[in-house]
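**Student:** Got a sequence here, can you model it:
(one chain, ligands or ions: 1)
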Amino acid sequence: MFASRTNWPMAVNELTRRVCERREQGLPLFDLTESNPTRCAFEYPSEAILAPFLSPENLRYEPSPRGAWSAREAIVRYYAEHGASVDPEHILLTASTSEAYAFLFRLLADPGDRLLVPRPSYPLFGFLADLNDVRLDTYRLIYHEGWQIDLESVQAALRPTTRALILVNPNNPTGSFVKRREWERLRVFCAEHHLAVISDEVFLDYTYVEDPERIGTLLRQEDGDVLRFALGGISKLLGLPQMKLAWIGVTGPTELAREALARLEVIGDTYLSVNTLVQQALPRWMTLREAIGRQIRERVRANRAYLRESVARTDGCRCLEAEGGWYAILQLLDARDEEAFALQLVEQEGVLVHPGYFFDFEEEGYLVLSLLPPPEVFQEGVRRILRRIGEER
Ligand SMILES: Cc1ncc(COP(=O)(O)O)c(C=O)c1O
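**Tutor:** Below you'll find the predicted structure:
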C-alpha cells in the first residue's frame, strides 16, 4: 500500500518512552532538549507581533510565487546589515527552512542523486532526503580545541551523482562557523565538480564572539563561479517558529542563478505555501530583531557561561568549544554508553538531554544540551547531570 520512502522505523525509542512515563506520573522533568523559544520564557512584544494581522491588506489574496515584494525587501535590508547586497528578485519565500531544503532538493537532484552533508549535524536531513528521493553522503567535522571541516572527507565523499554540498553555518549542534580558508577550498572544489552549494544560515545571528575568519552569509561572497543558495528564516532569527516563514537567497553565475530562480518560481507557484498574513507582517517583525534576538543571545551566553564554569569544577567531562548557535556539547571523558547514561539521567535525575547519536556523532560519549531553557531549569539540570557524572566515576 505505501511507498518505500516512508518505510521508517516507527517504534518509539526507549528515551521517549521513559520521558512519557515520567510525564504521565506527574514527575518533574528538567528538559534540556527544549529548543522551542516560545516555551522558554522570553518576553515577546506581543502587540507589535500581532498588530499587523489586523491590516485590511490581509483580506486581499494576491499570490506571488516568490513571495510579497515588501517581505523580500525586508530580507534584503537584513542582508545589507550583513554586508551583502542582494536583489529582491533573488529571494524566494517558503513556509520553513525544511520546505526550502525540499524545494532545492527537487530543483537540483533527480531520484537517487546525492548530496553532501556535514556530520555531526541537524537530524532532519535524513527525512528530507527520504521524502525527496535523494541520498546523503557525509563529510566530517573534526574537533581539536574547536571544530573544523575535514576537507579530505569532502573530497572522499564525492560521487559521479553528487549534486550539491550543504554547509550549515553555524552548524547545529557544533556551533561552528565556516572559515574563509575552508570556503576557499570548498569553492574551488564545487566549481570543479559542478556542485551547487546550499548554506543553511538560520543561526547566523547567534554568535558568541566575532571572528573575521568566518565567511558570514554566502550571499556576500563575491566569487561568481559557484551557484549558491542561502537559507534563513524567522524561526531562529525572531524566535517565531510558529509563524512559518523562511527564505532562499540565490546567487552565483548570472545565467545559472537566473535559471535556478525561474525553476524555483514554478515550484513556489505550485504550492504557494506562505500565507498572506506573515508575508505582510514581515517588514514590521524584522524591526523586532534586536528586541527578541538580544534576549535569546543573552540567555544562551549566560547558560553557556554557567555550564562552562560548572564543568571546569567537575572531573569526567568537558564542554566542547563553540562559536555560536543554541546548543552546547558535553563530552563524557570515560568511555560510556551515552544512551544508557541519558536513560539514567531521565530515570534517576529527571533530566532530559539529547544523546550524541541523535545528531549522528561518529563516536560514543556526547550529550547535547539546549541553551534556551530559563536559567533556573538549565542550572538545576546541569547540577544534576554533573552530580551523576561525579557519582558514576
Ligand atoms: C540547522 C537548522 N536548519 C533549519 C532548521 C529548521 O528551521 P525551520 O523552522 O525554518 O524549518 C533547524 C531547526 O532546528 C536547524 O537546526
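**Student:** Which positions within stretch 175-183 qualify as buried?
**Tutor:** By 16 or more other Cβ atoms under 10 Å, the buried positions in stretch 175-183 come out as 175-179, 182-183. Quick note: C-beta positions are derived from backbone N, CA and C, even for glycine.
**Student:** Gly365 and the ligand, how far apart?
**Tutor:** 22 Å (Cβ to the nearest ligand atom, to the nearest Å).
**Student:** Actually, Arg5.
**Tutor:** If you measure Arg5 against the ligand using Cβ to the nearest ligand atom, the figure is 20 Å.
**Student:** Identify the residue nearest that residue in space, chain neighbours excluded?
**Tutor:** Counting by Cβ to Cβ, 6 or more residues apart in numbering, the nearest residue to Arg5 once its immediate chain neighbours are dropped is Asp130, at 5.1 Å.
**Student:** so is the one you found in a helix, a strand, or just coil?
**Tutor:** Here Asp130 is recorded as helix under DSSP: H, G, I helix; E, B strand; the rest coil.
**Student:** on that earlier part again, in helices, which of the buried residues of stretch 175-183 appear?
**Tutor:** 182-183 (DSSP state H).
**Student:** what's the closest of the buried residues of stretch 175-183 to the ligand?
**Tutor:** Gly175 (10.8 Å; Cβ to the nearest ligand atom).
**Student:** Can you give me the distance of the closest one to Arg163?
**Tutor:** Gly175 sits 27 Å away from Arg163, taking Cβ to Cβ, to the nearest Å as the criterion.
**Student:** Could you pull out the helices in the stretch 151-300 of the chain for me?
**Tutor:** For the stretch 151-300 of the chain, the helices defined by DSSP state H, counting those that start in this stretch occupy 151-157, 180-192, 234-237, 254-271, 276-286, 289-312.
**Student:** quick one: contacts of the fifth one?
**Tutor:** Under the criterion Cβ atoms under 8 Å, 6 or more residues apart in numbering, residues 48-49, 51-53, 55, 57-58, 60-62, 67-68, 70-71, 73-75, 77-78, 93, 234, 238, 240, 243-245 lie in contact with helix 276-286.
**Student:** is it anywhere near the ligand?
**Tutor:** No - contact of helix 276-286 with the ligand is not found when judged by Cβ under 6 Å from any ligand atom; the minimum separation is 12.1 Å.
**Student:** gap between that helix and the chain center?
**Tutor:** 22 Å (Cα atoms, centre = their mean, to the nearest Å).
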